[in-house]
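J.: I would like the atomic coordinates for the input below:
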Amino acid sequence: MEWLAGGVTAPAGFVAAGACADIKGNGAGKKDVALLASRVPCAAAGVYTTNLVKAAPVVLTRGRTETGELQAVVANSGNANACTGEQGMRDAAEMARLAAEALGIRPELVGVASTGVIGVPLPMDRVSAGIRAAAAALSPEGGADAAEAIMTTDTFPKQVAARLEIGGATVTIGAMAKGSGMIHPNMATMLGFVTTDAAVDAAALREALREATDRSFNMITVDGDTSTNDMVLVLANGLAGNAPVTLGSAGYRPFADALTAVLTHLAKEIARDGEGATKLIEVRVTGARSLDDARKAARAVCGSSLVKAAVFGADANWGRVLAALGYSGAQFDPGKVDLWLGGLQMMRAGEPLAFNEEAATRLLQQKEVVFTADLHAGECEATAWGCDLTYDYVKINGSYRT
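T.: Residues are numbered from 1 along each chain as shown. Purely as a prediction, here's the structure:
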């Protein structure tokens, strides 16, 4: 697999754009409407928030991906269209209709996504104008503008692309995502859109997305909050001309692994860009009894407010890592655990080790801080990502609506 410059328009046949609709009404001049479209209909799959409270676009798009086919996605930032009742459902459907009209396709082929403030009706006059402007600006070079348009408190756009060979054909996967706060496993406040020119049937696409999401977006946490609007969509238009990827075919594993790599890259960028964050935290758990235990343990450490605060303050208070492992629900013998901060071992077989405080402080001052725990309970392992907890997190969320 080869990494490429670009995002959702890197694969053949996709165009995108981002436009300013001033959805928040503050005249900030920010791009806040994104439109992504394929030249031909696509096999499609999606994963969505596990929150019982689901935004109107999630409900609408989830129903549409059940057919396994989409051709376009329209998204807005600045307003979540969540907890907005029947009007919210009408507005989500209207967003799809407006995009379909501009593209000359059926509304049922358009997915809809929104992110932003919850409980406020969409300003549909401004949204409508934004969709028309985005449709007029669609371009094979428009992926970067679309990635910018879906940002909320993100400090930078998140996009990536990769190329690989499947059955003698060159296929490309492109993606963009947004996410910074309200991030927690089993989907988070994030939107992710993936495009590929690979031919992949809907069943294989669903399974590859489920697998990739479990290993990437479901292994990040910023603040323990799970959103109402989370969504990841994959569109595959088949223009690369490869033999179709199906479950059990020779092309399935290379495609699924590449998709996982692409989503893992974006997941780490989301964790790195956590609201107010200054450091990326990576937690590797090995020697777990089961994959579920490994994931529970890694996510618990990443999600610990005490661990996150210690990393922010460069305090080598490694006992907080053990405490988080202990309440994670993973089964292990604390008397067998080995623990490292970077390459510095803090514990061996459950016994604390003397370590160089200055060396530990230097490791904790780096932009990426890595903890590794070997539970010595089995053969399974998992990695999770998070960020430190800073004063700025409270500042950002204390005035989110303003």
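J.: tell me the phi and psi of residue 25?
T.: For residue 25, the backbone dihedrals (degrees, to the nearest 10) come out as phi 70, psi 30.
J.: And residue 185, what's its pLDDT?
T.: The predicted local distance difference test score for residue 185 is 51.
J.: now do the one 10 residues further on
T.: Note on residue 195: pLDDT of 98.
J.: Now for it: which residues touch it?
T.: 8-11, 14, 36, 38, 173-175, 234-237 (C-beta atoms under 8 Å, 6 or more residues apart in numbering). No exception for glycine: its C-beta is placed from N, CA and C like everyone else's.
J.: pLDDT below threshold where in the stretch 301-402 of the chain?
T.: 393-394, 396-402 (pLDDT under 70).
J.: Apply 80 and report the result again.
T.: 391-402 (pLDDT under 80).
J.: ok, now the chain?
T.: Using pLDDT under 80, the flagged stretches of the chain are 179-190, 221-228, 274-276, 391-402.
J.: how about the CA coordinates for the longest strand belonging to the chain, as PDB?
T.: Using DSSP state E to define each element, the chain has its longest strand at strand 33-48. Provided in PDB are the C-alpha atoms of strand 33-48 (Å, rounded to 0.1, in the frame of the first residue of the first chain):
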ATOM      1  CA  VAL A  33     -21.500  22.900   3.700                       C
ATOM      2  CA  ALA A  34     -19.800  20.000   2.000                       C
ATOM      3  CA  LEU A  35     -20.900  18.000  -1.000                       C
ATOM      4  CA  LEU A  36     -19.300  14.800  -2.300                       C
ATOM      5  CA  ALA A  37     -20.500  12.900  -5.400                       C
ATOM      6  CA  SER A  38     -19.600  10.100  -7.600                       C
ATOM      7  CA  ARG A  39     -20.000  10.000 -11.400                       C
ATOM      8  CA  VAL A  40     -21.900   6.800 -11.100                       C
ATOM      9  CA  PRO A  41     -23.900   5.100  -8.300                       C
ATOM     10  CA  CYS A  42     -21.800   3.400  -5.600                       C
ATOM     11  CA  ALA A  43     -22.000   0.400  -3.300                       C
ATOM     12  CA  ALA A  44     -22.400   1.900   0.100                       C
ATOM     13  CA  ALA A  45     -22.100   1.000   3.800                       C
ATOM     14  CA  GLY A  46     -22.300   3.000   7.000                       C
ATOM     15  CA  VAL A  47     -21.800   2.700  10.700                       C
ATOM     16  CA  TYR A  48     -23.500   5.100  13.200                       C
END
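J.: Pull out the buried positions in that strand.
T.: 33-38, 41-48 (16 or more other C-beta atoms under 10 Å).
J.: neighbouring strands for that strand, and are they parallel or not?
T.: Strand pairing for strand 33-48, using DSSP bridges, gives strand 14-19 (antiparallel), strand 69-79 (antiparallel), strand 231-236 (antiparallel).
J.: In a markdown table, list those strands along with mean neighbour count and distance to residue 140.
T.: A markdown table is the format used below for these (neighbours: other C-beta atoms under 10 Å; distance: least, C-beta to C-beta, whole Å):
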| stretch | mean neighbour count | distance to residue 140 |
| --- | --- | --- |
| strand 14-19 | 26 | 6 |
| strand 69-79 | 26 | 15 |
| strand 231-236 | 28 | 15 |
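J.: Distance to residue 116 added to those strands, as JSON lines?
T.: Formatted as JSON lines, the strands paired with strand 33-48 follow (distance: least, C-beta to C-beta, whole Å):
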{"stretch": "strand 14-19", "distance to residue 116": "15"}
{"stretch": "strand 69-79", "distance to residue 116": "4"}
{"stretch": "strand 231-236", "distance to residue 116": "14"}
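J.: Compare these and give me the one nearest residue 342.
T.: Counting by C-beta to C-beta, residue 342 lies closest to strand 231-236 out of these; the figure is 31.3 Å.
J.: With just CA atoms, put that closest one into CSV.
T.: Provided in CSV are the C-alpha atoms of strand 231-236 (Å, rounded to 0.1, in the frame of the first residue of the first chain):
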residue,chain,number,x,y,z
MET,A,231,-21.5,8.5,11.1
VAL,A,232,-18.9,6.9,8.8
LEU,A,233,-19.9,6.2,5.2
VAL,A,234,-18.0,4.3,2.5
LEU,A,235,-18.8,4.7,-1.2
ALA,A,236,-17.3,2.3,-3.8
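J.: The longest helix along the chain to strand 231-236, inter-axis angle?
T.: Secondary structure of the chain per DSSP state H: the longest helix is helix 252-272. Between helix 252-272 and strand 231-236, the angle comes out at 140 degrees (axes from the mean of the first three to the mean of the last three C-alpha atoms, to 10 degrees).
J.: Does anything pack onto helix 252-272? Which helices or strands?
T.: Judged by 3 or more C-beta pairs under 8 Å, 6 or more residues apart in numbering; DSSP states H and E, helix 252-272 is in contact with strand 158-166, strand 169-178, strand 191-196, helix 202-215, strand 280-288, strand 380-387.
J.: Packed most tightly, which of these would that be?
T.: Of the helices and strands packed on helix 252-272, the one with the most neighbours on average (mean count of other C-beta atoms under 10 Å) is strand 191-196, at a mean of 29.
J.: Each with direction, which strands does that strand pair with?
T.: strand 169-178 (antiparallel), strand 231-236 (parallel).
J.: dump the residue contacts of the closest residue to residue 260 other than its chain neighbours.
T.: Nearest-residue entry for residue 260: residue 212, 4.1 Å, with adjacent residues in sequence omitted and distances by C-beta to C-beta, 6 or more residues apart in numbering. The contact partners of residue 212, by C-beta under 8 Å, 6+ apart, come to 256, 259, 260, 262, 263, 264.
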